[in-house]
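# I'll drop the sequence and a predicted model, then ask my questions.
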Amino acid sequence: MFKKLKRAIERVGDYALGLIEELGRLVTLLVQTVLWAFRPPYRLRVIFQNLESVGIGSLPIVLLTGLFAGLVLAYQSDYAFRLFNAETLVGATVAVSLLRELGPVFTGLMVAGRTGSSMTTELGTMRVTEQIDAMAVMAVNPVQYLVMPRVVATVLMLPVLNMLFNFVGIGAAYGLSVHYLNSDPGIFIHHITRFVTAQDFLFSTIKAGVFGLIIGLVGCYKGYYASGGAKGVGEATTSSVVMASVLILLSDYLMTTMMWSL
């Protein structure tokens, strides 16, 4: 009985120590990335390549998700509001919901699944094939060349993708409400301009930028410290998507409680 209890305590302790160690490495990588972002050489060509990869590569899935999110949200909102003869609020409800919550979160989750996993796979493959070690031997800092451009690209592109997501979602909701659910187009737009504020756009952009930092940092971290050959890279990729998704949802809750309680 005593031995079983001892083993259980040891497992908990090992897990806690591993968690603290992983958090420390993640914070260290974040600090190194921020410092290298402001030190020459600035690797502009590499940054633009990653901007294209994150932005153009993720655009189809983000727009498709925004389209169906707007359609579903408009349809369900119209059904619910008609029970109270308040269907004129569909436009405002869709716009506020997308800007404040669904736009940044859905965009972040889609990019985490598509681009975050790609970053982990690329860096993980380079790690297990010792390309990162060779880069360090040639006096090229791996964090500056591999991590910093990817993190900067995701931070810059997530707000853009988020705004496109919101635009497509609201447009899809407008089309469904006006042409299928027989809502008045003037009232639909009027309530959007009445209830949506500049603060909503600002907070939505801030959320998307934070999610971009999470995706880029977690994706690069998991790949940078991958080990164990092809199996290890696969496990790191899966762990990257899960960790980034959980952190996005957690940070979304924290930022929502702080931003809209001001």
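Received the coordinates, thanks.

# for the rest of this, base every contact and every neighbour count on C-alpha atoms.
Fine.

# next, report how far the helix or strand where L161 lies is displaced from the centre of its chain.
Following DSSP states H and E, one finds L161 within helix 148-179. Relative to its chain's centre, helix 148-179 lies at 12 Å (C-alpha atoms, centre = their mean, to the nearest Å).

# buried ones in the helix or strand just after that helix?
Proceeding N to C from helix 148-179, the next assigned helix or strand is helix 185-195, under DSSP H and E. Buried residues in helix 185-195, counting neighbours by 16 or more other C-alpha atoms under 10 Å, are found at 188-189, 191-192.

# with stretch 34-53 instead?
Neighbour-count burial for stretch 34-53 flags 36-37, 46-47, 50-51, 53 (criterion: 16+ other C-alpha under 10 Å).

# ends of it, how far apart?
21 Å (C-alpha to C-alpha, to the nearest Å).

# ok so, going back, which of the residues in the helix holding L161 are buried?
Buried, per 16+ other C-alpha under 10 Å, within helix 148-179: 148-159, 161-177.

# tabulate the buried residues of helix 185-195 (CSV), appending pLDDT and distance to A8.
What follows is the buried residues of helix 185-195, written out as CSV (pLDDT from 0 to 100; distance: C-alpha to C-alpha, whole Å):
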residue, pLDDT, distance to A8
F188, 88, 59
I189, 90, 60
H191, 87, 58
I192, 89, 56
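
# and for the one helix or strand T125 maps to, what's in contact with it?
Under the criterion of DSSP H and E, T125 resides in helix 117-128. Outside of helix 117-128, the residues within contact range by C-alpha atoms under 8 Å, 6 or more residues apart in numbering are 132-133, 146, 150, 216, 219-230, 233-234, 236-238, 240-241.

# residues contacting the residue lying closest to S183 once chain neighbours are set aside?
Of all residues not flanking S183 in the chain, S177 sits nearest, at 5.3 Å (C-alpha to C-alpha, 6 or more residues apart in numbering). By C-alpha under 8 Å, 6+ apart, the contact list for S177 reads 74-75, 78, 183.

# counting neighbours, which of those residues comes out on top?
Per-residue neighbour counts (other C-alpha atoms under 10 Å) across these peak at A74, which has 27 neighbours.

# dump the buried residues of helix 185-195 to a markdown table, plus distance to L89.
A markdown table is the format used below for the buried residues of helix 185-195 (distance: C-alpha to C-alpha, whole Å):
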| residue | distance to L89 |
| --- | --- |
| F188 | 7 |
| I189 | 10 |
| H191 | 7 |
| I192 | 9 |
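
# going by distance to L98, which of those residues wins?
Nearest to L98 among the buried residues of helix 185-195, counting by C-alpha to C-alpha, is I192 at 11.7 Å.

# thought the closest one was touching T88?
No. Applying C-alpha atoms under 8 Å as the test, I192 and T88 come out as separate, 10.3 Å apart.

# and the helix or strand just after the helix holding T125, what's its mean pLDDT?
Per DSSP H and E, the first helix or strand lying C-terminal to helix 117-128 is helix 131-137. For helix 131-137, mean pLDDT is 88.

# quick one: list the elements packing against helix 131-137.
Secondary-structure packing of helix 131-137 (3 or more C-alpha pairs under 8 Å, 6 or more residues apart in numbering; DSSP states H and E): helix 142.

# residue ranges with poor pLDDT in the stretch 101-250 of the chain?
Counting by pLDDT under 70, the stretch 101-250 of the chain contains no low-confidence residues.

# name the nearest residue to P149, sequence neighbours excluded.
Closest residue in space to P149, ignoring its immediate chain neighbours: I47 at 4.6 Å, by C-alpha to C-alpha, 6+ apart.

# repeat that for M243.
V218 (7.4 Å).

# count the neighbours of that neighbour for me.
Count around V218 with other C-alpha under 10 Å applied: 29.

# which of the helices or strands spans it?
Per DSSP H and E: helix 198-224 holds V218.

# got the angle for that helix vs helix 117-128?
30 degrees (axes from the mean of the first three to the mean of the last three C-alpha atoms, to 10 degrees).
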